[in-house]
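> sharing a model prediction with you, sequence too.
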Amino acid sequence: EARLVESGGGSVRAGGSLRLFCTASGFTARDFDMGWYRQVPGSVCSVISVITPDGTKYFERGRFTISRYNDNNTVVLQLNGLRVEDTGVYYCAADTDLYSWCGQSKYAYWGQGIQVTVSE
């Protein structure tokens with residue numbers, strides 16, 4: 001069964017850091033764009049960052065860094081300088097092309113999501 005599994009979320013104080021992991025199984029992840037999206041309660045889902053098979057990055061913002069490790073089918077999102085407004089469910093996605101819009105129905109592979117909570 002092809003799937004994406006996220007790990008590494010949790011609770012942190014504002015200004016802290018977290019590292020999110022997404023491991024793919026059941027398909028050749030190295031051939032796909034991989035990325036992260038965030039759903040904030042009561043708000044729209046938004047793209048965080050996307051990385052192509054050759055390592056080109058899109059949508060990346062200064063506090064967050066995406067990396068991929070094709071040998072173990074993993075993409076990592078480093079979250080630094082976290083703010084309360086970064087709280088939400090973070091989803092990993094993979095497809096031949098990832099775009100700014102998000103949602104399970106839009107991409108071939110979509111993880112179950114992982115909670116990140118940032119408190120004052």
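Received the coordinates, thanks. Numbering: from 1, shown residues only.

> quick one: contacts for the residue nearest the centre of the chain?
For the chain, the residue nearest the mean C-alpha position is W36 (2.3 Å; Cα atoms, centre = their mean). Contacts for W36 (Cβ atoms under 8 Å, 6 or more residues apart in numbering) come out as 20, 22, 47-50, 66, 75, 77, 90-93. Placement of C-beta: from N, CA and C, glycine included.

> distance to T56, pLDDT and secondary structure added to these, as a markdown table?
Listed next are these as a markdown table, based on distance: Cβ to Cβ, whole Å; pLDDT from 0 to 100; DSSP: H, G, I helix; E, B strand; the rest coil:
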| residue | distance to T56 | pLDDT | secondary structure |
| --- | --- | --- | --- |
| L20 | 20 | 98 | strand |
| C22 | 18 | 98 | strand |
| V47 | 15 | 96 | strand |
| I48 | 16 | 97 | strand |
| S49 | 11 | 97 | strand |
| V50 | 9 | 97 | strand |
| I66 | 11 | 98 | strand |
| V75 | 13 | 97 | strand |
| L77 | 16 | 98 | strand |
| Y90 | 21 | 97 | strand |
| Y91 | 21 | 97 | strand |
| C92 | 18 | 98 | strand |
| A93 | 16 | 97 | strand |
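
> stretch 76-96: end-to-end distance?
Start to finish, the residues bounding stretch 76-96 are 18 Å apart (Cα to Cα, to the nearest Å).

> meant to ask about stretch 93-112
10 Å.

> and stretch 70-90, by the same measure?
Span of stretch 70-90 from end to end, Cα to Cα: 21 Å.

> now it: buried residues?
By 16 or more other Cβ atoms under 10 Å, the buried positions in stretch 70-90 come out as 73-77, 79, 82, 86-90.
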